[in-house]
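Participant: the following comprises the amino acid sequence and a computationally predicted model.
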Amino acid sequence: MLTERQELILRLVVDAYLASARPVPSKDVAEMPEVEWGPSTVRAELALLETGGYLTHPHTSAGRVPTDSGYRRYVDLLLESGSAPGDARVELGLSRLRREVDEAMRETTAALAQVTDLVAMATAPHLGAATTIHRVEVLRLQPNRVVVIVIASTGEVARRVFDFDSAVDTGLVEWASSYLNEQLVGLGLGARMIATRLSDPGLDPIEASFVATLAPAFTGLEPEDGGSLYMDGAARLLSEAHIDDLPRADELMRALERRADVLEMLRSSLAERSVFLWIGDENPQPTLRSASVVGANYGLGHRNLGAVGVVGPRRMDYATAIASVRVAARELSRYFETVYDD
């Protein structure tokens, strides 16, 4: 258990290291305006923090840097304060979107990556023990590529992409979205009536052919591998701002490319009630233990639907990361409330 003096000194050392990326000498700590004690007292407290595993010396004559345990206590102090310092704000503007889940998730990760300068990740609600179809989205991703998103009454989501030999008319896509909602909303997932509803003799040949092509999105209702994971900003880990803090950046990039592992990691956090963090070896995925993860869950009422977070080096701006994922989770919760109220 750290004393208040030790917690203050630990926070000052971590803040200084996060800002400079250089070991922090005891002399610098003793000269900080928040410190009311003499240099000998500061050196003694730093030695105790090092003995406790919170700080370490990279070299004998150098100053001190935080360990994983030091970062953990630093982050816990941020969370115990009730709100992370700083004025981090993520302007997502999700309320302006046309209720398209795919676009909302991509907008979230893009904004979060830009604000934090880290890799941003988010999981859409995944399909599990859903009951009925609540909403259908049909979107044209490219001229000849269409995605179908099925939102269940429990908030879970299935997503399937279809490729066509030629460009698909935007009017046909908009019609299909409206038609499929009229025909399928309220039906149980896997219900035999789905196939009957999709075999409408009143449709013209073009409409009937298009609906028949999209039918597997409803009859199978299996999400694509990694299809519920959205990621943005991976190249940021290779930038000059982070490369010195990630000596094994290539390994981390390869780990992030294994989307199933990342998806499993984020879904393992769904029982958490607030912001969650994994620092270094705390990470449940061994391949990501060279980095830190800061995330938060979003959902409806007391039920979590998914998670949003950032991945970066241990030496990251935790205050901004915590504040940013909180805002992103809150915005996504509000967004999904509007989707399910339709």
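Facilitator: Okay, I see it.
Participant: and the helices in this structure, which stretches?
Facilitator: Under the criterion DSSP state H, helices of the chain are mapped to 4-20, 26-30, 39-51, 68-80, 101-116, 170-184, 193-198, 205-214, 216-219, 240-243, 249-257, 259-267, 318-341.
Participant: between these, which one is nearest to residue 149?
Facilitator: Closest to residue 149 of those, according to C-beta to C-beta: helix 101-116, at 5.2 Å. Glycine gets a C-beta too; all of them are placed from N, C-alpha and C.
Participant: could you check the angle the closest one makes with helix 318-341?
Facilitator: 160 degrees (axes from the mean of the first three to the mean of the last three C-alpha atoms, to 10 degrees).
Participant: how about CSV for the helices of the chain, with mean neighbour count, mean pLDDT and distance to residue 291 added?
Facilitator: Compiled in CSV, the helices of the chain are given as follows (neighbours: other C-beta atoms under 10 Å; pLDDT from 0 to 100; distance: least, C-beta to C-beta, whole Å):
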stretch, mean neighbour count, mean pLDDT, distance to residue 291
helix 4-20, 18, 95, 15
helix 26-30, 17, 94, 27
helix 39-51, 16, 94, 24
helix 68-80, 18, 92, 11
helix 101-116, 21, 87, 13
helix 170-184, 16, 93, 39
helix 193-198, 15, 80, 43
helix 205-214, 15, 92, 39
helix 216-219, 18, 80, 35
helix 240-243, 13, 77, 10
helix 249-257, 16, 83, 6
helix 259-267, 18, 84, 11
helix 318-341, 21, 86, 12
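Participant: would JSON lines of the ones you listed with distance to residue 229 be doable?
Facilitator: Formatted as JSON lines, the helices of the chain follow (distance: least, C-beta to C-beta, whole Å):
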{"stretch": "helix 4-20", "distance to residue 229": "28"}
{"stretch": "helix 26-30", "distance to residue 229": "42"}
{"stretch": "helix 39-51", "distance to residue 229": "38"}
{"stretch": "helix 68-80", "distance to residue 229": "24"}
{"stretch": "helix 101-116", "distance to residue 229": "9"}
{"stretch": "helix 170-184", "distance to residue 229": "24"}
{"stretch": "helix 193-198", "distance to residue 229": "27"}
{"stretch": "helix 205-214", "distance to residue 229": "23"}
{"stretch": "helix 216-219", "distance to residue 229": "19"}
{"stretch": "helix 240-243", "distance to residue 229": "21"}
{"stretch": "helix 249-257", "distance to residue 229": "10"}
{"stretch": "helix 259-267", "distance to residue 229": "5"}
{"stretch": "helix 318-341", "distance to residue 229": "14"}
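Participant: among these, which is nearest residue 147?
Facilitator: The nearest among the helices of the chain, by C-beta to C-beta, is helix 101-116 at 6.0 Å.
Participant: which strands or helices does the closest one pack on?
Facilitator: Contacts defined by 3 or more C-beta pairs under 8 Å, 6 or more residues apart in numbering; DSSP states H and E place helix 101-116 against strand 119-123, strand 133-142, strand 145-152, strand 157-163, strand 229-232, strand 303-312, helix 318-341.
Participant: those: which one's closest to residue 6?
Facilitator: Of the helices and strands packed on helix 101-116, nearest to residue 6 by C-beta to C-beta is helix 318-341, at 18.7 Å.
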